[in-house]
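S.K.: structural data only, the sequence is not supplied:
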């Protein structure tokens, strides 16, 4: 086996032979590539959600976008960003990438706005701080990515925010920049 990846392209099917000796079959569909990869085992490729050759999809698996403004927040009380919540079924041994984007405005300079990715009971998965430099100075966007390998089963993620410090009234501004996106990245290399 060489250190290259051999790719054979056919009509809407790509067969990839990675250097590890595992095989991935990706079907190019209307929602992008789908497939599974990993060393072949008695029940099919590792990462397969079950026997019988069922193939779990790669790529985008959950998405939410919010066009609604939040209620203004003038205290340090954590608040859900309207519409930014997703639910999906995780497959054991898979890595998922979650992208969070949320835009804010404030009525005061020097506010610090905290954006959190949480589960359904508001336990923090990750967070990002934004320093808001100018009162009524436009919109500032928090944007970050989280990689995780949750246990198999139903997974819930939502975006929350709060004014961590400062004196202004903070609003999460709805629109194209507010989204929560989860992608299946395939088998988690740490678990193979």
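M.R.: That came in fine, so what should we check first? Given the structure is predicted, the values throughout are model-derived calculations rather than measurements. Numbers count the residues shown, from 1 in each chain.

S.K.: which stretches of the chain have low pLDDT?
M.R.: Within the chain, the stretches falling below the threshold (pLDDT under 70) are 1-57, 192.

S.K.: how is it divided into domains?
M.R.: Domains of the chain are assigned by automatic domain parsing as 6-57, 61-190.

S.K.: deepest in the core, which of those domains is it.
M.R.: Among the domains of the chain, the stretch with the highest mean neighbour count (mean count of other CB atoms under 10 Å) is domain 61-190, at a mean of 17. Any C-beta I mention is one placed from the backbone N, CA and C, and that applies to glycine too.

S.K.: that one: end-to-end distance?
M.R.: Domain 61-190 has its terminal residues 21 Å apart, counting by CA to CA, to the nearest Å.

S.K.: same deal with stretch 121-137?
M.R.: Terminal residues of stretch 121-137 are spaced 33 Å apart (CA to CA).

S.K.: let me see the contact set for the nearest residue to residue 173 once chain neighbours are set aside.
M.R.: Spatially, and ignoring its direct neighbours in sequence, residue 173 is nearest to residue 103 (4.7 Å; CB to CB, 6 or more residues apart in numbering). Residue 103 is in contact with 139-142, 172-173, 175, 177-178, counting by CB atoms under 8 Å, 6 or more residues apart in numbering.

S.K.: and which of the residues you listed is nearest residue 61?
M.R.: Lowest distance from residue 61 to the contacts of residue 103 (CB to CB) belongs to residue 178, with 19.1 Å.

S.K.: ok, and the closest non-adjacent residue to the closest one?
M.R.: Taking CB to CB, 6+ apart as the measure, residue 178 lies nearest to residue 66, with 4.2 Å between them; neighbours along the chain are not counted.

S.K.: tell me the spacing between the residue nearest to residue 173 and residue 89.
M.R.: Between residue 103 and residue 89 the computed distance is 30 Å (CB to CB, to the nearest Å).

S.K.: ok, residue 113 next?
M.R.: For residue 113, the distance to residue 89 under the criterion CB to CB works out to 32 Å.

S.K.: phi and psi next, for residue 119.
M.R.: phi -90, psi -170 (degrees, to the nearest 10).

S.K.: you'd agree it is up against residue 125?
M.R.: Yes: counting by CB atoms under 8 Å, residue 119 does reach residue 125; the two are 6.5 Å apart.
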